[in-house]
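Chemist: sequence-free structure coming up:
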């Protein structure tokens, strides 16, 4: 259970940094389109891994695993917002990918979906981040600090998982630079 918590929180910290970088591109998305698309694609694998680790906790808790039951559920507000965070994230990332890859006739509807989902996503994500900021600050460094990394088995595997998700994200980002360039042309 603690291993899953460390992975989830480490991914949350990585995602927070990447989301800030992505946020910098939003006001000038036209002129920074390549960066916006690259960072957006870089986000996809760590987001999927975080959804998986969070889903694992959800399943383990509701199936009655003792360690997960002892820790208890997240606060009520965060439990209620959880599905909205997941749905808004999937729609935001999916519409961004669709916006760049679908034919031009789909661009305006996808742009509308992307912008609308961003507004919803920003609201629920702000609450989500604020609800986890203390835990993230406390737990995220534990696998990276020499004195605490061995307190919970599997620190290396967790670090490699995070790193691998970033490497795959970089590859996806590079692949999408071509479609982003084509999108800008139109």
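Modeler: Great, that's in hand. Owing to the predicted nature of the structure, the values given are computational and were not obtained by experimental measurement. Numbers count the residues shown, from 1 in each chain.
Chemist: show me what contacts the nearest residue to residue 69 once chain neighbours are set aside?
Modeler: Spatial nearest neighbour of residue 69, chain neighbours left out: residue 61 (6.5 Å); criterion: CB to CB, 6 or more residues apart in numbering. Heads up, the C-betas are built off the backbone N, CA and C, glycines and all. Counting by CB atoms under 8 Å, 6 or more residues apart in numbering, residue 61 makes contact with 68, 69, 71, 73.
Chemist: Out of these, which end up buried?
Modeler: Neighbour counting with 16 or more other CB atoms under 10 Å marks 68, 71 as buried within the contacts of residue 61.
Chemist: buried sites along the strand or helix carrying the residue nearest to residue 69?
Modeler: Residue 61 belongs to helix 33-62 when assigned by DSSP states H and E. Under the neighbour-count criterion of 16+ other CB under 10 Å, helix 33-62 has 33-51, 53-54, 57, 60-61 buried.
Chemist: I'd like the average pLDDT over that helix.
Modeler: Average pLDDT, helix 33-62: 96.
Chemist: can you check stretch 157-173 too?
Modeler: 97.
Chemist: Check stretch 96-111 too.
Modeler: Rounded mean pLDDT across stretch 96-111 is 92.
Chemist: for it, how far is the first residue from the last?
Modeler: Distance across stretch 96-111, first residue to last, is 8 Å (CA to CA, to the nearest Å).
Chemist: from the middle of its chain, how far away would stretch 139-152 be?
Modeler: In terms of CA atoms, centre = their mean, to the nearest Å, the centre of stretch 139-152 is found 22 Å from the chain centre.
Chemist: list the buried ones in that stretch?
Modeler: 139, 140, 142, 143, 149, 152.
Chemist: what's the most distant pair in these?
Modeler: 140 and 152 (13.2 Å; CB to CB).
Chemist: now the contacts of residue 61 in TSV, with distance to residue 166?
Modeler: As requested, the contacts of residue 61 are exported to TSV (distance: CB to CB, whole Å):
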residue	distance to residue 166
68	27
69	33
71	27
73	29
